[in-house]
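**Student:** Got a predicted model here, sequence first, then my questions.
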Amino acid sequence: MIDKSFFRADPYTYFRDLFISLLLFLTGFVGAAHTTGGLSIACYFVCVIGLHRAGVFGHELTHRPNDKTMRPFYWVWNMTIGCMIMVPSARFFQPHKIHHKNGTFRTKDDPQYLLVRSDGKVAFFVLIVLPFITPLFGLFQTIVASIGGMKLEDAVDKFSREKLNFSTGTPIPEKMREEVVWLSRLSFLYFCALVIFLPQFVVFYYAVLVGAWFLIVLRIPLEHELERHAESSNQADQMYDSFSVETPFAAIIQPIGFRYHTAHHMYPGVPYHNLPGLHQHLKATIPAYSNSIVSYWDLIKGPGYQKPNDLTQKQTEETQEETQ
């Protein structure tokens, strides 16, 4: 493996960056409530950026579920941000695990490999429609789980799949199902408090959620080729079909280390605050790694799957083995 220090998470850094994100969110929220015109719009965007940045820490939690040093952060995030966006991190575990797994990554069985570059209908739904319906879908799941627990959620999902050919459930690890239920009830309590005590902000908060989800889906075509599904995948595909940008402007669209997406896919257990160092290490030790570093203009045009020939792939895999 690469140096073990790359895998060591620093809870202090997590809490510090989460606090900064929350501060942005709250500053924007309060500012928008007490201003008008252009200043209010500016506060809205600050609020969206803060919530988006805070929300993507849920992705970090999926990669270190057994790290005891991260348990306090796990519960703080889930009981605050996770409840506010109505998505407990456990709902993200299984789909994201499949996305990173060799063999299923970039295949039709990968639920997070969406063909937004080659399928116009998928692109329209993901990039335009999804941000508007995701907060409502999250509220729906929250209400269902709060009222009837996982049994009711499973029953509703079974009905929707049989009658509507559409799944309303989320695959959740068995040991986390009860956790999702009580977090959903806490989330529903937060929502009810908002409706009862601050009803004038319900529509504004929905707009903030839409904005945050828009930033999330905007990131999707920046990370992989997303033009076609493969029959299978191997470790090399994690590098050749993942892309990174080095511009500091990525901090808004790809915060918390997402701009180093290639390094993340090669070593998903490395926490975000160590990805810059790992990125530089891989650039220095794996020549082909630099092919995955592109500009935003390249990503907009479509970077293309940088599939190597057999000799190049063999050399790349041998270099990876030497750095592990």
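**Tutor:** Alright, I've got the coordinates. Numbering: from 1, shown residues only.
**Student:** my guess is residue 289 contacts residue 262, does it?
**Tutor:** Yes: at 6.8 Å, residue 289 counts as touching residue 262 under the criterion of CB atoms under 8 Å. Every C-beta, even on glycine, is put in place using the N, C-alpha and C of the backbone.
**Student:** Which one of those two is surrounded by more residues?
**Tutor:** residue 262 (28 against 23; other CB atoms under 10 Å).
**Student:** Next SSE downstream of the helix or strand containing that one?
**Tutor:** Using DSSP states H and E, residue 262 maps to helix 261-266. Counting by DSSP H and E, the element after helix 261-266 in chain order, helix or strand, is helix 275-285.
**Student:** which stretches of the stretch 151-300 of the chain form strands?
**Tutor:** Remark: strands of the stretch 151-300 of the chain are absent; assignment by DSSP state E, counting those that start in this stretch.
**Student:** Helices along that one, start to end?
**Tutor:** 177-197, 202-219, 235-240, 250-253, 261-266, 275-285, 296-301 (DSSP state H, counting those that start in this stretch).
**Student:** so where's the protein uncertain?
**Tutor:** Low-confidence segments of the chain (pLDDT under 70): 1, 307-324.
**Student:** Can you report how many residues lie near residue 285?
**Tutor:** Neighbour count of residue 285, defined by other CB under 10 Å: 13.
**Student:** wait, residue 199
**Tutor:** Residues contacting residue 199 under the criterion other CB under 10 Å number 9.
**Student:** what about residue 269, how many neighbours?
**Tutor:** Neighbours around residue 269, by other CB under 10 Å: 13.
**Student:** what residues are up against the residue nearest to it when sequence neighbours are not counted?
**Tutor:** Closest residue to residue 269 apart from its sequence neighbours, by CB to CB, 6 or more residues apart in numbering: residue 7 at 5.3 Å. Neighbouring residues of residue 7 by CB atoms under 8 Å, 6 or more residues apart in numbering: 267, 269-271, 274.
**Student:** So residue 171 versus residue 86, what's the distance?
**Tutor:** Residue 171 sits 17 Å away from residue 86, going by CB to CB, to the nearest Å.
**Student:** Just want to know which of those two has more residues nearby.
**Tutor:** A direct count of neighbours by other CB under 10 Å for residue 171 and residue 86 places residue 86 higher, at 24 against 13.
**Student:** before we move on, what SS does the more buried one have?
**Tutor:** coil (DSSP: H, G, I helix; E, B strand; the rest coil).
**Student:** residue contacts, it?
**Tutor:** Applying CB under 8 Å, 6+ apart, the residues near residue 86 are 135, 138-139, 141-142, 184, 187, 191.
**Student:** Report the two of the residues you listed separated the most.
**Tutor:** 135 and 184 (14.6 Å; CB to CB).
**Student:** In terms of neighbours, single out the busier of those two.
**Tutor:** Between residue 135 and residue 184, counted using other CB under 10 Å, residue 184 has the larger neighbour count: 27 against 20.
**Student:** Spatially, what comes nearest to that one if we skip its sequence neighbours?
**Tutor:** residue 145 (3.8 Å).
**Student:** Counting neighbours, which bits of the strand or helix carrying that neighbour end up buried?
**Tutor:** Element membership of residue 145 [criterion: DSSP H and E] is helix 130-164. The neighbour-count check on helix 130-164 (16 or more other CB atoms under 10 Å) flags 130-131, 134-135, 138-139, 141-146, 149-150, 153, 156-157 as buried.
**Student:** Kindly report the same for stretch 92-100.
**Tutor:** For stretch 92-100, the buried set under the neighbour-count rule, 16+ other CB under 10 Å, comprises 92-94, 96-100.
**Student:** and those, which of them are in helices?
**Tutor:** 92-94, 96-100 (DSSP state H).
**Student:** want to throw those residues into a markdown table with distance to residue 43?
**Tutor:** Below are those laid out as a markdown table (distance: CB to CB, whole Å):
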| residue | distance to residue 43 |
| --- | --- |
| 92 | 29 |
| 93 | 34 |
| 94 | 37 |
| 96 | 32 |
| 97 | 37 |
| 98 | 38 |
| 99 | 34 |
| 100 | 37 |
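**Student:** ok, of these, which one's closest to residue 175?
**Tutor:** The shortest approach to residue 175 among these belongs to residue 93, at 10.4 Å (CB to CB).
**Student:** Double-check that closest one against residue 59; I have them as touching.
**Tutor:** No: using CB under 8 Å, residue 93 is not in contact with residue 59; the gap is 10.4 Å.
**Student:** circling back: tabulate the helices of the stretch 151-300 of the chain (JSON lines), appending distance to residue 22.
**Tutor:** Listed next are those as JSON lines, based on distance: least, CB to CB, whole Å:
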{"stretch": "helix 177-197", "distance to residue 22": "14"}
{"stretch": "helix 202-219", "distance to residue 22": "13"}
{"stretch": "helix 235-240", "distance to residue 22": "32"}
{"stretch": "helix 250-253", "distance to residue 22": "17"}
{"stretch": "helix 261-266", "distance to residue 22": "24"}
{"stretch": "helix 275-285", "distance to residue 22": "22"}
{"stretch": "helix 296-301", "distance to residue 22": "28"}
